[in-house]
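Colleague: coords below, sequence missing:
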């Protein structure tokens, strides 16, 4: 019986070496591209997370500043505000009481305080008593009165976690600034 594979030949060593080299280069290129895309994706997710936290800080503080009747700016980004007690603890609205030229809601005002502990920003409220973590990873929070105390400028900074270069002297802060008009307050207490 004759073999069907009598005239078949295999690849030479040179052909195998060239094909293995091309395949290895292609695999390395694919691996490097995958790592680059993964790092870029993680950097984008991290940047968007910090942007969301900056917007959350701005939204919380601006809402409270707009309603505040008294504001005291402290050191290290500490803000203490007195707000009218618009709602009961069960969520029902308090009826306004007019006394002379002032309007009061409920039995007592609400004190809201924003403060930093290391790189976290907290909001504490007196009625109902609660403390909420607003954001983490904050590099800097400053509040500055503007327009003769009628507005407050809020600057929030985060340091990006993912950087392509590892130089220690390179700092690049991601900063957001907002200005809020205090409609119930026309002057600030000294820090």
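Modeller: Yep, it's here. This is a predicted model, so every value here is computed, not measured.
Colleague: rest of the way, CA atoms for contacts and neighbours
Modeller: Noted.
Colleague: Okay, now the unreliable bits of this structure?
Modeller: Confidence mapping of the chain against pLDDT under 70 gives the ranges 1-8, 128, 160-172, 184-191.
Colleague: Can you list the residue ranges for helices in it?
Modeller: Shown for the chain, the helices assigned by DSSP state H span residues 13-67.
Colleague: Give me the most central residue, it.
Modeller: Nearest to the geometric centre of the chain sits residue 53, at 2.0 Å (Cα atoms, centre = their mean).
Colleague: Just give the nearest non-adjacent residue to that residue, would you?
Modeller: Across the structure, with Cα to Cα, 6 or more residues apart in numbering as the measure, the residue nearest residue 53 apart from its sequence neighbours is residue 135 (5.5 Å).
Colleague: now residue 122
Modeller: Nearest-residue entry for residue 122: residue 133, 4.6 Å, with adjacent residues in sequence omitted and distances by Cα to Cα, 6+ apart.
Colleague: thought that neighbour was touching residue 123?
Modeller: Yes: applying Cα atoms under 8 Å, one finds residue 133 in contact with residue 123, separated by 6.5 Å.
Colleague: roughly how far apart are the residue lying closest to residue 175 once chain neighbours are set aside and residue 149?
Modeller: Closest residue in space to residue 175, ignoring its immediate chain neighbours: residue 157 at 4.2 Å, by Cα to Cα, 6+ apart. In this structure, residue 157 lies at 23 Å from residue 149, with Cα to Cα, to the nearest Å as the measure.
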